[in-house]
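>>> just to be clear, the model below is a prediction. Sequence and coordinates:
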Amino acid sequence: MPVFDHPDFDHHQQVIHGCDAASGLRAIIAIHDTTRGPALGGLRIYPYASEADALTDVLRLSRGMTYKSALADLPLGGGKAVIIADPRRDKTPELLRAMGRLIDSLGGRYITAEDSGSGEADMRVIAEVTPHVGGLDRDGSSGDPSPWTALGVFHAMQSAVYHGLGRAESEDQFAGLRVALQGVGHVGTHLARRLHDAGARLVLADVDRDAVTRLAGELEAEMVAPEAIVDAEVDVFAPCAMGAALTPEVVRRLKARVVCGAANNQLAHAEVAGQLQARGILYTPDYVANAGGVIEIAWQRRDDARPEAVMAHIAGIGTTLDEIFARAAQEGRSPAPVADDMARERFEAG
């Protein structure tokens, strides 16, 4: 499997393939950059159609983690891990321990945490064989980063709604605003509840029909089929499922004037950012918006962690986006390349 010539290879420092016959482990860890500190990134367990698809995903996700940590002002680099497996059928303690041993062999260059297909219970199993794990419970409270990620996206959306729709941040900023959420997993559900409490009117879609039906009933939200969510008549479109949700076709169909969600790698390819801008749709760079969970995990590693300090750090996502949106408007560019430039200014400087 070629790596150096891969279109998503971005001078990654290490790409490690791991295999364990006894447990069935087939995994890839990508360490993008450790200039600012050890590479932190979640463990995704997903039944990729091929090893090539898994490699593409881990290269893109690890790069995004470097940029995310840099713009969140964290002393961390970027990495990611994927296991090629169905988490509902193939995930076993033996598989997770084998993954933990692979992580441990890197000597702390990579720190794992929850992601799609893995949760806090899985991190506890991995922690049996390596200390290089985040997202664990502390002092009886959950280590699940999902609520913190959702909080960060909420702050990001406050900035995006101001810059894209002219609604200043206030208690009624979201009152009557229509928001479409594509995906209501852990993060999407927390975000939906926050938006509902803020007065937004929600349109929900998810491949898990039972989950989205329950949440729509709880929040008095409209529910549509997954393939129809991009056509919803809304002000804000929030991709909160898998990556590459924003394709040229989707951009042509979107009714929203703002895109701001929790999913990683939302752009199918870089040119989509320009297509969004050409249609007058404000795009919120995903790795800036969804940094709340990483910020909280980073604070777990500190001795002086305090809830109010974590909350303030996550609220800073909105301030960072204010700068990105203002610079993008001044330079006549999409926020996506502007965010990339600002991130590189931070992590390339060390």
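Nice, thanks for sending it over. A quick note: this is a predicted structure, and the numbers were derived from the prediction, not measured. Numbers count the residues shown, from 1 in each chain.
>>> residue 317 is in contact with residue 291, isn't it?
Yes. Using C-beta atoms under 8 Å, residue 317 is in contact with residue 291, at 5.9 Å. Yep, even glycine has a C-beta here, placed from its N, CA and C like the rest.
>>> joint contacts of those two?
72, 152 (C-beta atoms under 8 Å, 6 or more residues apart in numbering).
>>> who has more neighbours out of those two?
A side-by-side neighbour count of residue 317 and residue 291, using other C-beta atoms under 10 Å, places residue 291 first with 31 against 27.
>>> confidence score at that one?
Looking at residue 291, its pLDDT is 96.
>>> which ones are touching it?
68-69, 71-72, 149, 152, 314, 317 are the contacts of residue 291 under C-beta under 8 Å, 6+ apart.
>>> TSV for those, including secondary structure and distance to residue 8?
As requested, these are exported to TSV (DSSP: H, G, I helix; E, B strand; the rest coil; distance: C-beta to C-beta, whole Å):
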residue	secondary structure	distance to residue 8
68	helix	16
69	helix	18
71	helix	20
72	coil	22
149	helix	23
152	helix	25
314	helix	28
317	helix	25
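>>> what subset of those residues is buried?
68-69, 71-72, 149, 152, 314, 317 (16 or more other C-beta atoms under 10 Å).
>>> identify the farthest-apart pair in those residues.
By the measure C-beta to C-beta, 71 and 149 form the most distant pair in the buried ones among the contacts of residue 291, at 14.8 Å.
>>> how close does the residue nearest to the spatial centre of the chain sit to residue 81?
Among the residues of the chain, the one closest to the centroid is residue 264, at 4.1 Å (C-alpha atoms, centre = their mean). Shown here: residue 264 relative to residue 81, a distance of 13 Å by C-beta to C-beta, to the nearest Å.
>>> next one: residue 183
Plainly put, residue 183 is 21 Å away from residue 81 if you go by C-beta to C-beta.
>>> next one: residue 190
Applying C-beta to C-beta to residue 190 and residue 81 gives a distance of 23 Å.
>>> neighbour-wise, which of those two wins?
residue 81 (28 against 22).
>>> so where do the strands sit in the stretch 51-200 of the chain?
Applying DSSP state E, counting those that start in this stretch to the stretch 51-200 of the chain gives strands spanning 77-84, 110-111, 178-182.
>>> averaged pLDDT, the second one. What do you get?
Spelled out, that is strand 110-111. Here the average pLDDT along strand 110-111 is 97.
>>> got the contact list for it?
With C-beta under 8 Å, 6+ apart as the criterion, strand 110-111 contacts 29, 31, 38-41, 76, 79, 81, 103, 132-134.
>>> if you set the cut-off to 10 Å instead, what comes out?
If you take C-beta atoms under 10 Å, 6 or more residues apart in numbering as the criterion, strand 110-111 is touched by 14, 16, 29-31, 34, 37-42, 62, 76-81, 102-104, 130-135, 297-298, 301.
>>> name every strand pairing with that strand and say which way it goes.
Paired neighbours of strand 110-111 in the sheet (DSSP bridges): strand 39-40 (parallel).
>>> overlap of the contact sets of residue 264 and residue 81?
Contacts common to residue 264 and residue 81, judged by C-beta under 10 Å, 6+ apart, are 41-42, 44, 61, 115.
>>> top of the residues you listed by neighbour count?
residue 41 (32 neighbours).
>>> now it: how far from residue 208?
Residue 41 is 25 Å from residue 208, by C-beta to C-beta.
>>> same check on residue 320?
On the measure of C-beta to C-beta, residue 320 and residue 208 end up 32 Å apart.
>>> likewise for residue 51?
27 Å.
>>> now residue 153
20 Å.
>>> neighbour count: those two, which is higher?
In terms of neighbours (other C-beta under 10 Å), residue 153 is the more surrounded of residue 153 and residue 208; the figures are 33 against 13.
>>> end to end, how far does stretch 85-96 reach?
Terminal residues of stretch 85-96 are spaced 11 Å apart (C-alpha to C-alpha, to the nearest Å).
>>> same deal with stretch 286-300?
First-to-last residue span, stretch 286-300, C-alpha to C-alpha: 23 Å.
>>> gap between it and the chain center?
9 Å (C-alpha atoms, centre = their mean, to the nearest Å).
>>> likewise stretch 263-282?
Per C-alpha atoms, centre = their mean, the centroid offset for stretch 263-282 relative to its chain is 16 Å.
>>> report the buried residues of that stretch.
Here stretch 263-282 shows 263-268, 272-273, 275-277, 281-282 as buried, counting by 16+ other C-beta under 10 Å.
>>> same check, this time on stretch 185-198
Of the residues in stretch 185-198, 185-196, 198 count as buried by neighbour count, 16+ other C-beta under 10 Å.
>>> do stretch 309-319 as well
310-311, 313-314, 316-318.
>>> next one: stretch 101-109
With burial defined by 16+ other C-beta under 10 Å, the residues of stretch 101-109 counted as buried are 101-104, 106, 109.
>>> quick revisit: in helices, which of the contacts of strand 110-111 appear?
Among the contacts of strand 110-111, the ones falling in helices (DSSP state H) are 62, 102-104, 297-298.
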